[in-house]
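Colleague: sequence plus the predicted model coming up.
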Amino acid sequence: MANANFLALYITICVLAFVASKLIIATLCYRRWKRKQMLVQDSFSGGKLVLFSSPKMKALKTNMFLNKTMKLSNKDIIGSGGYGTVYKLSINDSVSFAVKRLNRISAEQDRGFERELEAMADIKHRNIVTLHGYYTAPNYNLLIYELMPNGSLDGLLYGKSSNERVLDWTSRYKIAVGAARGLAYLHHDCIPHIIHRDIKTSNILLDQNLEARVSDFGLAKLMEPDKTHVSTLVAGTFGYLAPEYFDTGRATIKGDVYSFGVVLLELLTGKKPNDETFIEEGTKLVTWVKAVVEEKREGYVIDRRLEDYHVEEVNQVFSIAMMCLEPEPSKRPTMSEIVKMLEQVKSYQFVPDLQEMPIA
Ligand SMILES: Nc1ncnc2c1ncn2[C@@H]1O[C@H](COP(=O)(O)OP(=O)(O)OP(=O)(O)O)[C@@H](O)[C@H]1O
């Protein structure tokens with residue numbers, strides 16, 4: 001009898017402990033979720049502003065942020081792309097954001113918006129552009145990103161003004177390593193893994209120190225960890241697409257590797273993948289470079305504007321680019337292998353991120 005009572009008491013304590021632990025976990029999750037978002041409902045426009053909590057965002061007044069966002073106009077435009085227009089939102093002299101406006105003209109674009117948010121909200125890496133929040137209204141959506149003061153890599157490589165400074169080799173190399181690290185993080189460290197699907201020089205942005213930040217997950221799609229590809233109808237930009245994509249229509253991490261190889265070629269040659277002269281000659285950057293490599297005249301393709309560089313370093317990055325551009329996807333290295341190979345070229349070291357520093 002005493003044993004039965006003891007067993008009943010034991011079971012009751014176990015059940016109570018189990019229920020209490022679930023309640024505590026649910027409360028903690030709810031608090032964490034609440035802490036993550038600052039919400040403002042705008043009764044005037046019928047829209048909703050969501051800002052993800054961070055020290056930078058906490059210091060801002062959400063209503064003032066919303067007011068300034070609603071006042072963005074053509075004079076604030078800093079760029080435009082396939083998805084919409086990008087504006088500079090200045091909160092004060094020292095705090096600014098990049099706001100991408102996406103017109104909600106089709107259900108497909110709506111799904112793109114949701115995908116972009118899902119993929120980006122929790123992604124924090126020094127080589128990935130941070131998404132700070134979004135605004136959603138009946139007719140359009142806004143994505144609020146950190147502003148990259150040096151714009152995009154294509155702007156720096158192919159800037160229109162002739163007196164713009166030429167990117168030197170050290171900067172190009174640093175950008176290649178940073179972009180590779182950002183992409184490797186998406187491929188290997190994010191759960192679910194992320195295929196970018198539109199790697200190109202206009203989606204590599206540059207901060208004040210010319211540190212590369214991978215941006216634009218408008219076409220990204222989350223992958224389940226056990227899947228090796230996702231299917232899609234249209235993804236990517238002509239000139240950057242891997243050859244197998246035209247047969248399969250499937251975006252894969254090895255497709256991203258190929259596109260990254262094209263970016264490396266742009267850094268080395270200073271030529272756009274769809275340069276007009278290539279189109280006139282019925283060729284493209286990758287085909288042209290491969291033909292020159294076959295003739296063993298690699299030096300001929302290197303950007304003539306580059307002055308001080310180590311030939312050995314350039315040659316090594318060139319070989320890495322050629323590995324990325326292997327026609328057979330399985331022969332291409334992974335992004336983490338590419339990071340290692342690139343780092344070995346110069347034993348290049350960044351100043352460690354505070355977050356990455358071991359706690360003493
Ligand atoms: N966070 C940002 N900070 C500074 N400039 C930006 C930022 N995001 C975009 N831009 C600028 O706006 C331009 C357009 O960007 P957007 O991502 O809309 O289009 P894209 O990458 O050029 O083309 P696509 O839409 O086909 O990917 C970029 O080339 C860049 O110059």
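Modeller: Nice, I can see it.

Colleague: now do the strands in this structure.
Modeller: 37-42, 47-52, 77-80, 84-90, 96-103, 131-136, 140-146, 194-195, 204-206, 212-214, 221-222, 229-231, 250-252 (DSSP state E).

Colleague: looking at those, which one is packed in the most?
Modeller: strand 194-195 (a mean of 28; mean count of other CB atoms under 10 Å). Yep, even glycine has a C-beta here, placed from its N, CA and C like the rest.

Colleague: got the strands of the chain as a markdown table, with mean pLDDT columns?
Modeller: Below are those laid out as a markdown table (pLDDT from 0 to 100):
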| stretch | mean pLDDT |
| --- | --- |
| strand 37-42 | 62 |
| strand 47-52 | 83 |
| strand 77-80 | 90 |
| strand 84-90 | 92 |
| strand 96-103 | 88 |
| strand 131-136 | 87 |
| strand 140-146 | 88 |
| strand 194-195 | 88 |
| strand 204-206 | 96 |
| strand 212-214 | 96 |
| strand 221-222 | 43 |
| strand 229-231 | 45 |
| strand 250-252 | 87 |
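
Colleague: the ligand is nearest to which of the ones you listed?
Modeller: With CB to the nearest ligand atom as the measure, strand 77-80 is the member of those nearest the ligand (2.2 Å).

Colleague: other SSEs contacting that closest one?
Modeller: If contacts are counted by 3 or more CB pairs under 8 Å, 6 or more residues apart in numbering; DSSP states H and E, strand 77-80 sits against strand 84-90.

Colleague: list the contacts for L153?
Modeller: I175, A179, T201, S202, I204, L205, L206, A212, V263, E266 (CB atoms under 8 Å, 6 or more residues apart in numbering).

Colleague: go back to those residues and keep what's next to the ligand.
Modeller: S202, L205 (CB under 6 Å from any ligand atom).

Colleague: quick check: phi and psi on the closest residue to G239 other than its chain neighbours?
Modeller: Once flanking residues are discounted, G239 sits nearest to P273: 3.2 Å by CB to CB, 6 or more residues apart in numbering. Main-chain torsions, P273, degrees, to the nearest 10: phi -60, psi -30.

Colleague: so what's P273 up against?
Modeller: G239, Y240, V262, L265, E266, K284, L285, V286.

Colleague: I'd like the distance between it and K124.
Modeller: 30 Å (CB to CB, to the nearest Å).

Colleague: and the contacts of P273 as CSV, adding neighbour count and pLDDT?
Modeller: Formatted as CSV, these follow (neighbours: other CB atoms under 10 Å; pLDDT from 0 to 100):
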residue, neighbour count, pLDDT
G239, 17, 86
Y240, 25, 92
V262, 25, 97
L265, 24, 96
E266, 26, 96
K284, 17, 86
L285, 21, 91
V286, 21, 92
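
Colleague: ok, so of those, who is nearest the ligand?
Modeller: Closest to the ligand, out of all of these and judged by CB to the nearest ligand atom, is Y240, at 10.5 Å.
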